[in-house]
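1. Predicted model and sequence follow; I will ask about them next.
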Number of protein chains: 2
Amino acid sequence: MKRTRLVFSGSGGQGVITAAIILAEAAVIYEDMNAIQSQSYGAAARGGATKSDVIISDSDIYFPEVVQPNILVCLTQESYNKFSPIIRPGGLLITDLRFVETFKKVDANQVELPMYDTIMEKIGKPIVFNICMLGALLGQTALLKPDSIMNVLRTRIPEDFIEMNQTALELGMELGGRE
Amino acid sequence: MKRTRLVFSGSGGQGVITAAIILAEAAVIYEDMNAIQSQSYGAAARGGATKSDVIISDSDIYFPEVVQPNILVCLTQESYNKFSPIIRPGGLLITDLRFVETFKKVDANQVELPMYDTIMEKIGKPIVFNICMLGALLGQTALLKPDSIMNVLRTRIPEDFIEMNQTALELGMELGGRE
């Protein structure tokens, strides 16, 4: 059984929930996996922090909540401060270099990437920051094929925006280390 | 303790996941409740059916999955056929009159509303079908204030589209029975 537990965190408007939904749909529709995607809102949501969970598995999933993620992405300082302690030992922690200053040593592979700055420099549209983040994730982990993400995007966004999203995904993959 | 368990179901593209996220955010940010919103994807997703769960509560929520919803919305025949048996006895079942032909007697308040036809006739844009559905839900249940939904929409969509969404919400509320 192969199971990956992910948490994407950031602030409202960075698109972390949308990224989680796209990832879950890509896994299920194009790679024949099972997936659960959820967000729990409480006091944190009122403070502006957003956290979205995804579990992807090749078998049935019974408990939908992610307690200890294998993969944690933090796109704001606040989300990093709050969620970095929950990462599973030996997991992968991806942070954005502009928004997060890491200061704690956690038992994880810590990867700091200039996702936001790269998107702003090469594309100039913050709306695809979340797609760049998905690219960085795929570059680091090869969790899914990039084509699976693009296939979902083609069903969700207008034709005119596909190329920009494709570029954002590829920039993310390069940052994440996949050629 | 007051707790409402909702399931929105339909096909991809009808916006049921987005509607669920908007409802959950409205409850938390503007009405000081707790909420969990999730979707579980499996074989059903591959067949095109979409199901999204929301739990709204005035206290903490420990188990995030909705097994028996108090409120079930079905926007396609397939989703109605599949999910109508899970409704909680005495609950509320809302279906769209164009897309769903009801045939089973369930122990619930069954409400069939011409949401899609009303939107197409008065606005002509299927993209706000899901907002009309939220309006119908609020018209039937007074679960949240319409202003809470509008406040979330104002943070998510461009200014130019606010009026159309407001109209869709109001049309839904009228269909749902609130003046």
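-> All right, it came through fine. Numbering: from 1, shown residues only, chains lettered A, B, ... in the order given.
2. Now the residue of chain A found nearest chain B, what are its backbone angles?
-> Of all residues in chain A, residue A:38 sits closest to chain B, at 3.3 Å by CB to the nearest CB. Every residue, glycine included, has its C-beta placed from N, CA and C. With angles defined as degrees, to the nearest 10, residue A:38 sits at phi -150, psi 160.
3. which residue packs closest to it, ignoring adjacent ones?
-> Spatial nearest neighbour of residue A:38, chain neighbours left out: residue B:38 (3.3 Å); criterion: CB to CB, 6 or more residues apart in numbering or on different chains.
4. residue ranges with poor pLDDT in chain A?
-> Scanning chain A for pLDDT under 70 picks out A:42-48, A:64, A:179.
5. and it, which residues reach chain B?
-> Contacts of chain A with chain B, taken as CB under 8 Å from any CB of the partner chain, map to A:12-13, A:17, A:21, A:24-25, A:27-29, A:32, A:34-42, A:45-46, A:60-61, A:64-65, A:155.
6. Now do residue A:32: how many residues are near it, please.
-> Taking other CB atoms under 10 Å in any protein chain shown as the criterion, the count of residues near residue A:32 is 10.
7. Endpoint to endpoint, stretch A:40-56 covers what distance?
-> Its start and end residues considered, stretch A:40-56 measures 18 Å (CA to CA, to the nearest Å).
8. mind listing the helices for chain A?
-> A:16-25, A:31, A:43-46, A:77-83, A:115-122, A:129-141, A:146-156, A:162-176 (DSSP state H).
9. Dump those helices into a markdown table; add distance to residue A:94 and mean neighbour count as well.
-> Listed next are those as a markdown table, based on distance: least, CB to CB, whole Å; neighbours: other CB atoms under 10 Å in any protein chain shown:
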| stretch | distance to residue A:94 | mean neighbour count |
| --- | --- | --- |
| helix A:16-25 | 12 | 24 |
| helix A:31 | 21 | 15 |
| helix A:43-46 | 20 | 15 |
| helix A:77-83 | 10 | 19 |
| helix A:115-122 | 8 | 18 |
| helix A:129-141 | 6 | 26 |
| helix A:146-156 | 16 | 17 |
| helix A:162-176 | 8 | 20 |
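10. Let me have those helices in CSV, adding distance to residue B:50 as columns.
-> CSV is the format used below for those (distance: least, CB to CB, whole Å):
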stretch, distance to residue B:50
helix A:16-25, 10
helix A:31, 18
helix A:43-46, 23
helix A:77-83, 28
helix A:115-122, 29
helix A:129-141, 20
helix A:146-156, 12
helix A:162-176, 21
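11. To residue B:83, which of these lies closest?
-> Among the helices of chain A, the nearest to residue B:83 by CB to CB is helix A:16-25 (19.3 Å).
12. quick one: the closest one to helix B:16-25, angle?
-> 140 degrees (axes from the mean of the first three to the mean of the last three CA atoms, to 10 degrees).
13. Need the contact partners of helix A:16-25.
-> Contact with helix A:16-25 is made by A:6, A:8-10, A:35-37, A:39, A:50-54, A:56, A:73, A:75, A:130-131, A:133-134, A:137, A:144, A:149, A:152-153, A:156, B:17, B:21, B:39, B:41, B:45, as judged by CB atoms under 8 Å, 6 or more residues apart in numbering or on different chains.
14. 7 Å - rerun?
-> The contact list for helix A:16-25, computed with CB atoms under 7 Å, 6 or more residues apart in numbering or on different chains, reads A:8-10, A:35, A:37, A:39, A:50, A:52, A:54, A:75, A:130, A:133-134, A:149, A:152-153, B:17, B:21, B:41.
15. Report the contact partners of residue A:140.
-> A:92, A:94, A:111, A:176, A:177.
16. can you pick the most crowded of those?
-> Neighbour max across the contacts of residue A:140 (other CB under 10 Å) = residue A:94, 26 neighbours.
17. partners of that one in the sheet?
-> Using DSSP bridges, the bridge partners assigned to residue A:94 are residue A:73, residue A:111.
18. ok, it to residue B:80 distance?
-> Note on residue A:94: its distance to residue B:80, by CB to CB, to the nearest Å, is 41 Å.
19. Next: residue A:30.
-> From residue A:30 to residue B:80 the distance is 27 Å (CB to CB).
20. before we move on, what about residue A:5?
-> Taking CB to CB, one finds residue A:5 at 33 Å from residue B:80.
21. Ok, residue A:77 next?
-> Distance from residue A:77 to residue B:80, by CB to CB: 46 Å.
22. again, but for residue A:153
-> Distance from residue A:153 to residue B:80, by CB to CB: 29 Å.
23. Same question for residue A:27.
-> For residue A:27 relative to residue B:80 (CB to CB), the value is 27 Å.
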